[in-house]
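[1] I would like to see how this sequence folds:
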Amino acid sequence: MRRVLAFTVAAATASALLLSGCDSSEPSADGTAQPVPPQTTPSSPDPSAGPSAPSAPPSGPSAGPASPSLSPSVKPKKLKSGAEGAEVLALQTRLAELGYWNGKVDGKFGGTTQQAVFALQKAAKLGRDGVVGPKTQQALDRGVRPEARSTDGRFVEIDLKRQLLMLVSDGEIEQIFNTSTGSNTYYEQEGETYLADTPRGKFKVSRQIDGWRDAPLGLLWRPKYFNGGIAVHGAPSVPAHPASHGCARVSIAAMNWLWTNDKIPIKTRVWVY
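    Next up, the predicted model:
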């Protein structure tokens, strides 16, 4: 998070250290900070239970096999949050095949499925409404997937333009998440003006908190810090557009899955572009 107004260079430097990103907590020697109970507890799923992992995505950076599950005779015009049944089950199965993380495949179109649909729509450069209409269905049938930039080792890649967070291993995308990063708007904090941005670059996860962090700019669920106070963290609200103060938000269910399966351990490389 960059401070945009400063009276002196010294004051700017001091404030940048204090209010970098969404948080300013201090790490312990092993990089793990203690959770700080929030003053108010938001409504959220049981933090101890993470959804089951989806099926592994197909190999190949940009496309998967055509879906055999959805035929014109059973394909609805639209699927959206609240829908249930065989069509939703087929949708969830296909999303999981392509690597779009959508939690438990249970035939119920809930928040995690909507997050996966957001991610698919972003990858396909479609309108981001979280509803599976004809164009989104076509993207699903074609097996649209984003492409990774890294080619060697494990990375968390954060695509600011498409607002996608991806787990990548040796150039192959394993999981794709909807994310919401810095809004690039100005905000006021203690009489000063700041820009809510997510800086580009290559970083490493340096500290984490296994619980809620009541940070100066809001609540962060199980944050994984990679650039000062900027972290990948869970949030009750993860819209399809940039809306944070600089962190990369994912759903609470997704963050639980990432922790449960140790997908972003300390020293994980993070590439923001």
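[2] Can you list the low-confidence ranges for the chain?
    Residue ranges of the chain with pLDDT under 70: 1-21, 24-77.
[3] pull the CA atoms of the longest strand along it into CSV?
    Longest strand of the chain, by residue count under DSSP state E: strand 218-227. Output of strand 218-227 as CSV, limited to C-alpha atoms (Å, rounded to 0.1, in the frame of the first residue of the first chain):
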residue,chain,number,x,y,z
GLY,A,218,-10.5,-4.4,8.6
LEU,A,219,-10.7,-8.1,9.5
LEU,A,220,-8.4,-10.6,7.7
TRP,A,221,-9.1,-14.3,8.0
ARG,A,222,-6.0,-16.6,8.3
PRO,A,223,-3.8,-14.1,6.4
LYS,A,224,-0.6,-15.1,4.5
TYR,A,225,1.6,-12.0,4.3
PHE,A,226,3.9,-11.7,1.3
ASN,A,227,4.6,-7.9,1.0
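[4] That strand - which strands sit beside it in the sheet, and in what orientation?
    strand 207-209 (antiparallel), strand 212-215 (antiparallel), strand 230-235 (antiparallel) (DSSP bridges).
[5] Bridge partners for Ala215, pull those for me.
    Judged by DSSP bridges, the bridge partners of Ala215 are Gly218.
[6] Kindly provide the distance from it to Gly127.
    The spacing between Ala215 and Gly127, counted by C-beta to C-beta, to the nearest Å, is 32 Å. Every C-beta, even on glycine, is put in place using the N, C-alpha and C of the backbone.
[7] Just the strands from the stretch 51-200 of the chain, written as ranges.
    Remark: strands assigned in the stretch 51-200 of the chain by DSSP state E, counting those that start in this stretch are 154-159, 164-169, 172-178, 186-189, 192-195.
[8] Tell me which of the ones you listed sits nearest to Thr136.
    Between Thr136 and the strands of the stretch 51-200 of the chain, the shortest separation by C-beta to C-beta is 13.6 Å, and it involves strand 172-178.
[9] Pull out the buried residues from that closest one.
    Judged by neighbour count (16 or more other C-beta atoms under 10 Å), strand 172-178 contains these buried residues: 172-173, 175-178.
[10] Dump these into TSV; add distance to Asn102 as well.
    What follows is those, written out as TSV (distance: C-beta to C-beta, whole Å):
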residue	distance to Asn102
Glu172	19
Ile173	15
Gln175	10
Ile176	10
Phe177	10
Asn178	10
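[11] can you tell me which two in those are farthest apart?
    So, those by C-beta to C-beta: farthest apart are Glu172 and Asn178, at 19.9 Å.
[12] residue contacts, the nearest residue to Ala243 once chain neighbours are set aside?
    Of all residues not flanking Ala243 in the chain, Ser180 sits nearest, at 4.8 Å (C-beta to C-beta, 6 or more residues apart in numbering). Counting by C-beta atoms under 8 Å, 6 or more residues apart in numbering, Ser180 makes contact with 163, 235, 238-244, 248-249.
[13] Just the buried ones among those residues, please.
    The neighbour count (16+ other C-beta under 10 Å) marks 163, 235, 238-240, 242-244, 248-249 as buried among the contacts of Ser180.
[14] just to revisit the earlier point, of all the strands of the stretch 51-200 of the chain, which one is nearest Gln208?
    strand 154-159 (12.9 Å).
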